[in-house]
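Undergrad: I would like to see how this sequence folds:
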Amino acid sequence: MRVAPRPSPPEPPLWPLVRGPALLTLGVTLVRLVGELRGLSPSYFSRLPGGGLSPVGITWLAPVVGFYLGWRLWRAGVSPPPLRDALRLPVAGLTVAPLLAWLAGRLFRTSWTANYTLWAVAAVAVAAAAYAAWPALGRPLLAYAYAARVPVVIVMAVAIWRGWETHYDLPPPGFPLLTPLPRWFWIALVPQATIWVAWTMATGAVLGVLGGHAASRRSRGRPPSGPRASGGSPAAAILA
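TA: Predicted structure coming up:
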C-alpha cells in the first residue's frame, strides 16, 4: 500500500517576522532625514547623492536583518538548507549580474536612464536567485525589503517636490536635468524597487542561512519542539 507523504508544517506568519525589523528600519530612515534637514554632522548624515556610505542608514541593516530572520526561522521550526547550496545562488547573483550590467553599460555607452534600466534588470535576477536559495527565507526578506524601501520612495518624492537638497533628492553627478516626476521615477522608484531590494535580498540571504545554521549549532543540532518544515533549496537541483 502506498503511503501518502506527510505534509510539511506551515511557515511562520509573515508579519510577526518582519514587523520589528520594518519598524526599526523606518525609525532609522526618519532619523537620517531629520539629521540631514538639521545639518548634523555629514560624517553620519551625509547629503551626498547615494548617501555617501553614512553609518546612519538602512543599507547596513539588510545583512543584520537577514541573520535575524534565519535565526527566527530555525526557532520557528524551519531548517536551513546546506550552506553550500544556499550560498551559491546569492553570491553568484551579487557578483555576476552587476558585472554583466556594468559591462553592457560600458560596451553600449548607455545613457543614465538606460544604465538604470540595465541595473534594474540585473537586480531582478539577483533578487530571484536570492529567493530561490532558501524560499522560506526569501519570502520574509522580500516583504522586509519593500517594507524598508517604500517609505524611502515616499520620502524621496516629498524631498524632490520640496527641494530639500538632501541625499534623498539630489541626483548623481552628470544625471540629466529632469522635471520632478521623471526625476523621482529614475532616481527613486526604479533603484529603490529593484536595485536596493536586490541588495537586501542577496546580503540577507547570505547572512540568513548563516543565522539559521548558527541557531542550529547553538541548539547543538536539536530542533525546537514540534515538527520541522523542509528547508530544501532549489539551488541543489539547479546547480547540481
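
Undergrad: hey, which helix or strand in this structure has the poorest pLDDT?
TA: When each helix and strand of the chain is scored by mean pLDDT, DSSP states H and E, helix 234-239 comes last, with a mean of 33.

Undergrad: SS state for Gly174?
TA: coil (DSSP: H, G, I helix; E, B strand; the rest coil).

Undergrad: contacts only, for the nearest residue to it once chain neighbours are set aside.
TA: Computed as C-beta to C-beta, 6 or more residues apart in numbering, the closest residue to Gly174 that is not its neighbour in sequence is Trp112, at 6.9 Å. Where you see a C-beta, it was placed from the backbone N, CA and C, and this is true even at glycine. Applying C-beta atoms under 8 Å, 6 or more residues apart in numbering, we find Trp112 in contact with 172, 174-176, 186.

Undergrad: just the helices in the protein please.
TA: 14-37, 61-75, 83-108, 112-133, 135-162, 180-184, 190, 196-218, 234-239 (DSSP state H).

Undergrad: distance of the residue nearest to the spatial centre of the chain relative to Leu181?
TA: Against the mean C-alpha coordinate of the chain, by C-alpha atoms, centre = their mean, the closest residue is Thr200 at 1.3 Å. Per C-beta to C-beta, to the nearest Å, Thr200 is found 26 Å from Leu181.

Undergrad: surely Arg149 touches Ala198?
TA: No - the criterion here is C-beta atoms under 8 Å, and Arg149 misses it with Ala198 at 10.8 Å.

Undergrad: looking at the two, which is more packed in?
TA: Neighbours were counted for Arg149 and for Ala198 using other C-beta atoms under 10 Å; Ala198 has more, 28 against 24.

Undergrad: list the contacts for the more buried one?
TA: 93, 122-124, 126-127, 130.

Undergrad: of those residues, closest to Ser216?
TA: For those, the residue nearest Ser216 by C-beta to C-beta is Ala130; the value is 20.5 Å.

Undergrad: returning to that earlier point: out of the contacts of Trp112, who's the most crowded?
TA: Ranking those using other C-beta under 10 Å puts Trp186 first, with 18 neighbours.

Undergrad: burial of the residue nearest to Ala86 when sequence neighbours are not counted, as a residue count?
TA: Nearest non-adjacent residue to Ala86, counting by C-beta to C-beta, 6+ apart: Val209, 4.0 Å away. Residues near Val209, counting by other C-beta under 10 Å, number 28.

Undergrad: got it, and the one 5 residues further on?
TA: Counted by other C-beta under 10 Å, the residues lying close to Ala214 total 16.

Undergrad: gap between it and Gly204?
TA: Taking C-beta to C-beta, one finds Ala214 at 15 Å from Gly204.

Undergrad: could you do Tyr131 as well?
TA: Counting by C-beta to C-beta, the separation of Tyr131 from Gly204 is 10 Å.

Undergrad: ok, these two, which is more surrounded?
TA: Gly204 (31 against 21).

Undergrad: so what's the more buried one up against?
TA: Going by C-beta under 8 Å, 6+ apart, the list of residues near Gly204 reads 62-63, 65-66, 69, 130, 137, 141, 144-145.

Undergrad: switch to 7 Å and redo it
TA: 62-63, 65-66, 69, 141 (C-beta atoms under 7 Å, 6 or more residues apart in numbering).

Undergrad: returning to what we had before: check the residue nearest to Gly174 and give its pLDDT.
TA: As predicted, Trp112 sits at a pLDDT of 90.

Undergrad: same thing with the one 3 residues further on?
TA: The per-residue pLDDT reported for Asn115 equals 91.

Undergrad: surely it touches Gly105?
TA: Yes - if you go by C-beta atoms under 7 Å, Asn115 and Gly105 touch, sitting 4.8 Å apart.
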